[in-house]
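1. predicted structure and sequence below. I'll ask about it afterward.
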Amino acid sequence: MSKGFAALYRKAAKSSAYQSERARLAFSGQVCEALAAQGVSRAELARRIGVAPAYVTKLLRGNVNVTLDTIVKVSAALGLVCEVRLVGGKAPAYNQVAKAAFKGPGADRVSDGGRLHA
């Protein structure tokens, strides 16, 4: 990584836009993993939370600024618990966030990479 790019990355990583996008992607990734682990379709998730299937697609792509209410509804629909934590200092790595946030069936299968494994 060039010094110029590394400096740009460090600066971007401190921005609220970067942190928001990172959180959206972590959430959508966890939902996709839970859907796969439980054999639940996007259409079924949409039915469970009372939205159109197109909204679930946007949510999973990270194309919507999801509210805390929606996060809680999605979590409950998948039999999971949503936890929100504020931590001091340096932001934790993705795998630490995923392990801390993914609670419920399959939580013991979250790997160091933040992905589910068998």
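-> Thanks, I have the structure now. Residues are numbered from 1 along each chain as shown.
2. how many neighbours does residue 28 have?
-> 19 (other CB atoms under 10 Å). Yep, even glycine has a C-beta here, placed from its N, CA and C like the rest.
3. any idea how far it lies from residue 80?
-> Distance, residue 28 to residue 80, using CB to CB, to the nearest Å: 14 Å.
4. what's the weakest-modelled helix or strand in this structure?
-> In the chain, no helix or strand scores lower on mean pLDDT, DSSP states H and E than helix 94-101, which sits at a mean of 52.
5. longest helix of this structure?
-> helix 16-38 (DSSP state H).
6. chain center to whatever helix or strand comes next after it, what's the gap?
-> Sequence order places helix 42-49 as the next helix or strand after helix 16-38, per DSSP states H and E. Taking CA atoms, centre = their mean, to the nearest Å, one finds the center of helix 42-49 at 17 Å from the center of the full chain.
7. related to what we said a few turns ago, tilt between the longest helix of the chain and helix 42-49?
-> For helix 16-38 against helix 42-49, the angle by axes from the mean of the first three to the mean of the last three CA atoms, to 10 degrees is 100 degrees.
8. tell me the mean pLDDT over helix 16-38?
-> For helix 16-38, mean pLDDT rounds to 90.
9. name the helices or strands packed onto it?
-> Counting contacts by 3 or more CB pairs under 8 Å, 6 or more residues apart in numbering; DSSP states H and E, helix 16-38 is packed against helix 42-49, helix 53-61, helix 94-101.
10. re the thing from before, what is in contact with residue 28 and residue 80 at once?
-> Listed as contacting both residue 28 and residue 80 by CB atoms under 8 Å, 6 or more residues apart in numbering is no residue at all.
11. just confirm residue 86 is within a helix.
-> No: using DSSP: H, G, I helix; E, B strand; the rest coil, the assignment for residue 86 is coil, not a helix.
12. from what I see, residue 74 and residue 45 are in contact.
-> Yes: applying CB atoms under 8 Å as the test, residue 74 and residue 45 come out as touching, 7.1 Å apart.
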